[in-house]
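> I'll drop the sequence and a predicted model, then ask my questions.
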Amino acid sequence: MILATIETIPEREIVAILGIVTGNVVQSKHIGRDIMASLKGIVGGELKGYTEMFNEARAQAMARLEAEASALGADAVIGVRFTTSAIMDGSCELLAFGTAVKLR
C-alpha cells in the first residue's frame, strides 16, 4: 500500500477513486506523564512521554487508515493529512485521512 501526502503517485495512473478513508485514535493523558510534563515545564525541554504517546497514536491511526483502504481494494491513499482535536478535558483525537485510489 502506498501512502502519500501528494495528490498523485509518480509514474502511476489513478484509474479509480474509491473514497475517503480515515483512521483515528482518541488518547487520554496518563498521570505519570502529566507529573513528568509538569516538572519539565518548570525547566523547559521536550516532553518525551507525550512525544512517544503521540507517535504511538499516529502509527495506530495510520494502520487503521491503511486497513480501511485495503478493505476497499485500494492500491494507495493519496492526500494523506493529519488533524487533532480536543474531545474533553484530558483527552484528544488524532485523525488521519486521505483518498483511497486504484492505480494502473
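Received the coordinates, thanks.
> okay but residue 74 is in contact with residue 17, surely?
No - using C-beta atoms under 8 Å, residue 74 is not in contact with residue 17; the gap is 9.6 Å. C-beta here means a position set from N, CA and C on the backbone, and glycine is covered the same way.
> what's the next secondary structure element after the helix or strand bottoming out on mean pLDDT in the chain?
Here the helix or strand of the chain ranked lowest by mean pLDDT, DSSP states H and E is helix 31-43, holding a mean of 61. Per DSSP states H and E, the first helix or strand lying C-terminal to helix 31-43 is helix 48-71.
> Would you indicate which residues of that following helix are buried?
By 16 or more other C-beta atoms under 10 Å, the buried positions in helix 48-71 come out as 49-50, 53-54, 57-58, 60-62, 64-66, 68-69.
> So for residue 74 and residue 17, which residues contact both of them?
Common contacts of residue 74 and residue 17, defined by C-beta atoms under 8 Å, 6 or more residues apart in numbering, comprise 100-101.
> between those two, who's got more neighbours?
More crowded of residue 74 and residue 17, by other C-beta atoms under 10 Å: residue 74, with 24 against 12.
> how about the more buried one, what does it touch?
Residue 74 makes contact with 1, 18, 21, 100-102, according to C-beta under 8 Å, 6+ apart.
> go again using 6 Å as the cut-off
Going by C-beta atoms under 6 Å, 6 or more residues apart in numbering, residue 74 touches 18, 100.
> and what of residue 65?
Neighbouring residues of residue 65 by C-beta under 6 Å, 6+ apart: 21, 23, 96.
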